[in-house]
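Undergrad: Provided below for reference: sequence and predicted model.
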Amino acid sequence: MIRVGLGYDLHRLVTGRALVLGGITIPFERGEDGHSDGDVLLHAITDALLGAAGLGDIGEFFPPSDPRWKGADSRKLLESAWTAAREKGWRLENLDAVIALQAPKFLPWRERVRESISAILSAETDRIFVKAKTGEGLGPVGEGDAVEVWAVCLLTRD
Ligand code: MG
């Protein structure tokens, strides 16, 4: 069996918050607003995996109304969603993501982010890819007010 999953997320970028992408804190003057740590990349990945496995979505698994998830480490959320998918027999073939972020430059952080995601999912790094695009100065991304991520994954099961 082969299943594809798609995840999307957007967070506001505000001062006084850390910019966390894929479990890595990237030094910057703004970071993601949010109930959890705001890790927009891990949220999109979590939704892609849950969707492919037919298990629901991140809002159902970790309701924002639940005080347990306030300031939550999104690595733990992803780990627990992926554990649920693996218990159903799903294996990760590959995962790919696009981050829309005006600044800072993501490339210097890319390999660390890939390794971090690989470690959370217990998957080889070559199964995980992440790239970033700017907003070309246009719209909320281009003006530095938001960060968006699209993630896609392929899962297989016997
Ligand atoms: Mg989110």
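TA: Ah, there it is.
Undergrad: which residues in the chain form helices?
TA: 40-53, 58-61, 74-87, 110-121, 139-142 (DSSP state H).
Undergrad: Next, format those as JSON lines and append distance to M1 and mean neighbour count.
TA: (Glycine included, C-beta is placed from N, CA and C.) Converted to JSON lines, the helices of the chain look like this (distance: least, CB to CB, whole Å; neighbours: other CB atoms under 10 Å):
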{"stretch": "helix 40-53", "distance to M1": "10", "mean neighbour count": "27"}
{"stretch": "helix 58-61", "distance to M1": "22", "mean neighbour count": "16"}
{"stretch": "helix 74-87", "distance to M1": "13", "mean neighbour count": "18"}
{"stretch": "helix 110-121", "distance to M1": "19", "mean neighbour count": "18"}
{"stretch": "helix 139-142", "distance to M1": "36", "mean neighbour count": "16"}
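Undergrad: Can you give me the first-to-last residue distance of stretch 46-62?
TA: 11 Å (CA to CA, to the nearest Å).
Undergrad: Are it and the ion in contact anywhere?
TA: No - for a cut-off given as CB under 5 Å from the ion, stretch 46-62 has no contacts with the ion; the smallest distance is 7.1 Å.
Undergrad: What parts of this protein come near the ion?
TA: 9, 43.
Undergrad: Select the longest strand from the chain.
TA: The residue-count maximum for a strand in the chain (DSSP state E) belongs to strand 2-15.
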